[in-house]
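Student: Have a look; sequence and predicted model below, questions after that.
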Amino acid sequence: MTYVVTDNCIKCKYMDCVEVCPVDCFYEGENMLVIHPDECIDCGVCEPECPADAIKPDTEPGLDSWLQLNAEYAVKWPNITTKKPEPPDAKEFDGVGGKFEKYFSPNPGQGD
Ligand code: SF4
Ligand code: SF4
């Protein structure tokens, strides 16, 4: 199994998760992060750190498409290990539904 980043990370990117990951397996897109499924050691410490509740174990039902997205973009986006300030409008987007359809960007972020 692995942990995956899901919809509510989009446009939030608080990044509390990246600093606790012992194997540095977060990768940064333009407006969300993903976890590399083959690098994640399933320790679970990132899940409670995410203030947007966007990190889930892939054992939860209905996460297949998110697992695929995490796997696809973890090899396209740069590694991120250091927390940056969240976007100024992050709170406005916390909990908004359907963010993937409206806002997902395949563009890479800056990484470390
Ligand atoms: S803490 Fe949560 S919302 Fe923030 S970047 Fe990490 S996964 Fe995304
Ligand atoms: S479960 Fe552990 S290894 Fe996997 S992404 Fe979270 S902190 Fe990193």
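Tutor: Right, received. Where do you want to start? Numbering: from 1, shown residues only. Ligands and ions are numbered 1, 2, ... in the order given.
Student: Please work out the average pLDDT along whichever helix in the chain runs longest.
Tutor: Scanning the chain for the helix with the most residues, using DSSP state H, yields helix 64-74. When pLDDT is averaged along helix 64-74, the result is 98.
Student: For the helix or strand just after it, output the C-alpha coordinates as PDB.
Tutor: Per DSSP states H and E, the first helix or strand lying C-terminal to helix 64-74 is helix 90-93. Provided in PDB are the C-alpha atoms of helix 90-93 (Å, rounded to 0.1, in the frame of the first residue of the first chain):
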ATOM      1  CA  ALA A  90      -5.400  28.700   0.300                       C
ATOM      2  CA  LYS A  91      -8.100  29.000   3.000                       C
ATOM      3  CA  GLU A  92     -10.700  30.100   0.500                       C
ATOM      4  CA  PHE A  93     -10.200  26.900  -1.400                       C
END
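Student: is helix 90-93 anywhere near ligand 1?
Tutor: No - against ligand 1, helix 90-93 shows no contacts by C-beta under 6 Å from any ligand atom, the least distance being 8.2 Å. From N, CA and C alone the C-beta is placed, and that goes for glycine too.
Student: same thing with stretch 9-22?
Tutor: Yes - contact of stretch 9-22 with ligand 1 (C-beta under 6 Å from any ligand atom) involves Cys9, Cys12, Lys13, Tyr14, Met15, Asp16, Cys17.
Student: Lowest-confidence entry in those?
Tutor: Lowest pLDDT among those: Lys13, 73.
Student: That one and Ile41: what is the separation?
Tutor: From Lys13 across to Ile41, the span is 23 Å (C-beta to C-beta, to the nearest Å).
Student: Show me which of these two is the more surrounded one.
Tutor: Per other C-beta atoms under 10 Å, whichever of Lys13 and Ile41 has more neighbours is Lys13, with 27 against 11.
Student: which residues are in contact with the worst-scoring helix or strand of the chain on mean pLDDT?
Tutor: Across the helices and strands of the chain, the lowest-confidence element by mean pLDDT, DSSP states H and E is helix 90-93, at a mean of 82. The contact list for helix 90-93, computed with C-beta atoms under 8 Å, 6 or more residues apart in numbering, reads Ile10, Lys11, Cys12, Lys13, Tyr14, Lys99, Tyr103.
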